[in-house]
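take this sequence and fold it.
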Amino acid sequence: MSLYTTEAPIIITCNKRLAPYLEQEVKDLGYKIEEAFVTGVRIKGTINDCIKLNLNLYCASQVLYSLEQFEAQSPDHVYNHLVKMAWEDILPDPGYFSVTSNVQHPTINNGMFANLRVKDAIVDRLRDKRGNRPSTGSELVGAVIHLFWKHDYAEIFVDTSGDSLARHGYRKIPGRAPMLEALASATILASKWDKTSPFINPMCGSGTLAIEAALIASKTRPGLFRDNFAFMHLQGYDKEVYYNEMYVLEDQIIEVPGLRILATDISEMAVNNARKNAIAAGVGDMIEFSVCDFADTEVPEGVNGVFFVNPEYGDRLGEIDELEETYGRIGDFMKQKCKGYFGYVFTGNLDLAKKIGLKAKRRIEFYTSTIDCRLLEYELYAGTRDVKITAPQEN
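Numbers count the residues shown, from 1 in each chain. Sure, this is the predicted structure:
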């Protein structure tokens, strides 16, 4: 039996509050969602399907292929079940594997102990069957086995991703307080941007939002930036399947005539780094970078685009008094220069957001690191319609 062609449950995980955008991505790839939950979705498929998912998804973290479900009341139960599984049919010889886990059980107060019991079971099984001990370690550079264990329910997976898919791999110079690539993609997918009208991104920092916008518009998938996935280190891996999927990814990239993505920052170093990141992502020619105060950013007139900014919000960077003035200037800029646009402000400080002086039409929940955030959407009417200037209401 080949895992690459045998259907089983697949769990696709994501960071908190990205699940709705991940779910739509998975549907757009032609898969049926069997279950959606806070941090991911469940479908059914093969590891060949996992290859496609790993290469295509913007918002995902891991793609987990289920091997078995079982009951476990203790770490010994986990060991006793796993040592009977045919790991010699799953892991190559010679080979290297790592173990990760998500455990909520009263017998475990250190997740590393659960990982150790999984590792011991696999090592003992392979040593018995092959007469040699496989290499193991914490670096996710080979095969990865994942244990989910909650109460008495346990499930063992092959993690087909390895390193998290949420980091798309092109960003060589992250800058200060960088936005996670998967989060940036999700906020763009949550917006009303049509992928052809202007995308205006002041305070661009390391360029993540502008780069992700260019990738999404041109249908450039994150899988193009990685050359190592955990599925490559399993028994029966067929390079041709992977190469065929890569050819599909390359063929589907499109040009978007007339698209303008403008990214600015007051820091020359930030703009230089953002430009380098964009070149690494293959979209350097799609983004117009410039060094200026955000209020001097060009906004093309006579079109309906989006203004998208991720200002500091007082947790790690900047002082509150200065930021209050900045948020007020953001509101003034949107009112004066962005008529006919949708304005988006991503922030983790709703008190500062009040200083914008506009009423948000939508308040979309997101989460970054340990901070509860919102993507605030403002409809900036053109013509004679008055814009209401009131503070956003608290949730």
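
need the helices for the chain, in chain order.
Here the chain has its helices, by DSSP state H, at 19-28, 47-56, 75-82, 111-130, 181-190, 208-218, 239-251, 268-280, 320-337, 350-353.

can you put those helices in TSV and add mean neighbour count?
All C-beta atoms are positioned from the backbone trio N, CA, C, and that covers glycine. Shown next, in TSV, are the helices of the chain (neighbours: other C-beta atoms under 10 Å):
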stretch	mean neighbour count
helix 19-28	19
helix 47-56	23
helix 75-82	18
helix 111-130	17
helix 181-190	25
helix 208-218	26
helix 239-251	13
helix 268-280	19
helix 320-337	17
helix 350-353	20
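
nearest to Pro257, out of these?
helix 208-218 (11.2 Å; C-beta to C-beta).

remind me what that closest one packs against, helices and strands.
On a contact count with 3 or more C-beta pairs under 8 Å, 6 or more residues apart in numbering; DSSP states H and E, helix 208-218 meets helix 181-190, strand 199-201, strand 261-265, helix 268-280, strand 287-291.

which of those sits closest to Glu240?
The nearest among the helices and strands packed on helix 208-218, by C-beta to C-beta, is helix 268-280 at 27.5 Å.

what's in contact with the closest one?
Identification of contacts with helix 268-280 by C-beta atoms under 8 Å, 6 or more residues apart in numbering yields 170-173, 175, 204-208, 210-211, 214, 225, 263-265, 284, 286-287, 289-291.

switch to 7 Å and redo it
Here helix 268-280 makes contact (C-beta atoms under 7 Å, 6 or more residues apart in numbering) with 170-173, 175, 204-207, 211, 263, 265, 284, 287, 289, 291.

before we move on, back to that, nearest to Glu301, out of the helices and strands packed on helix 208-218?
Among the helices and strands packed on helix 208-218, the nearest to Glu301 by C-beta to C-beta is strand 199-201 (11.8 Å).

just how off-centre is that closest one within its chain?
From the chain centre to the centre of strand 199-201 is a distance of 20 Å (C-alpha atoms, centre = their mean, to the nearest Å).

need the helices and strands packed on helix 208-218 in CSV with mean pLDDT and distance to Ile108, can you?
Listed next are those as CSV, based on pLDDT from 0 to 100; distance: least, C-beta to C-beta, whole Å:
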stretch, mean pLDDT, distance to Ile108
helix 181-190, 98, 28
strand 199-201, 98, 44
strand 261-265, 98, 46
helix 268-280, 96, 40
strand 287-291, 98, 47
